[in-house]
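K.L.:
return a 3D structure for these sequence lines:
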Amino acid sequence: MSWTTPSTVRLLGIWILFSCALWLIRLNSPEKLKKTDQRASRLREKMTVKTTDATVATFEAEFGKFKSEAPKYKANLILFLADKDPSTSLSWCPDCVRAEPVIYKKLEASSDDVALLRAYVGDRPTWKNPQHPWRHDPRFKLTGVPTLIRWEGEAIKGRLDDHEAHLEDKIAALVA
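P.N.:
Just a heads-up that it's a prediction; the model follows:
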């Protein structure tokens, strides 16, 4: 049997695709995502960071309190993230599942006083609606979740969008 015949190459290609698909399924399995989310929950319980939660409906009131207390803290951060799916207790957003534990770990390790406002964007259909209020809010102009914003005064001083919110060095630089 020759490795260069068309049928052998085709079978090898199918085997590689199948192996990659299995690897991706295992990587994003509900058990693995649940373990990651449990680690994030444990880290949240240990945090010494002042944390406040808000939804779209409660955001303006919580944001007002957040801004009024801002001078007490060295860093004031807003984390926009996806709601948890009630049936699985996991975020519907895999990027949020990946980024949350990293963010909480870096904040917990910070020696500075930090205020964190977690703003939940809603379930998947709510967030995917092009008319979602935070997509059009001139203060934030969100394009994806998770988004981590450093707020100072009345403006954004720095931000990490969804594609970089899980990177430890960038989180550390934003908090510093």
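
K.L.:
helices along this protein, start to end?
P.N.:
Per DSSP state H, the chain carries helices over the ranges 6-27, 30-46, 59-69, 94-109, 124-128, 133-136, 168-175.

K.L.:
where does the protein dip in pLDDT?
P.N.:
1-4, 6-9, 11-13, 15, 17-47 (pLDDT under 70).

K.L.:
give me the neighbour count for Leu148.
P.N.:
For Leu148, the tally of surrounding residues (other CB atoms under 10 Å) stands at 26. All C-beta atoms are positioned from the backbone trio N, CA, C, and that covers glycine.

K.L.:
distance of it from Gly158?
P.N.:
9 Å (CB to CB, to the nearest Å).

K.L.:
shared neighbours of these two, anything?
P.N.:
Common contacts of Leu148 and Gly158 (CB atoms under 8 Å, 6 or more residues apart in numbering): Leu174.

K.L.:
quick check: the closest residue to Lys65 other than its chain neighbours vs Leu77, distance?
P.N.:
Of all residues not flanking Lys65 in the chain, Thr52 sits nearest, at 7.1 Å (CB to CB, 6 or more residues apart in numbering). For Thr52, the distance to Leu77 equals 11 Å [CB to CB].

K.L.:
with Ala57 instead?
P.N.:
Here the criterion is CB to CB. By it, Ala57 lies 21 Å from Leu77.

K.L.:
more crowded one of these two?
P.N.:
Leu77 (25 against 8).

K.L.:
OK, contacts around the nearest residue to that one once chain neighbours are set aside?
P.N.:
Closest residue to Leu77 apart from its sequence neighbours, by CB to CB, 6+ apart: Leu116 at 5.0 Å. Leu116 is in contact with Val49, Lys50, Thr51, Thr52, Leu77, Ile78, Leu79, Leu107, counting by CB under 8 Å, 6+ apart.

K.L.:
count the residues that sit near the closest residue to the last one other than its chain neighbours.
P.N.:
It stands for Leu107. Nearest non-adjacent residue to Leu107, counting by CB to CB, 6+ apart: Val49, 4.9 Å away. Neighbour count of Val49, defined by other CB under 10 Å: 18.

K.L.:
then Leu142?
P.N.:
Counted with other CB under 10 Å, the neighbours of Leu142 add up to 21.
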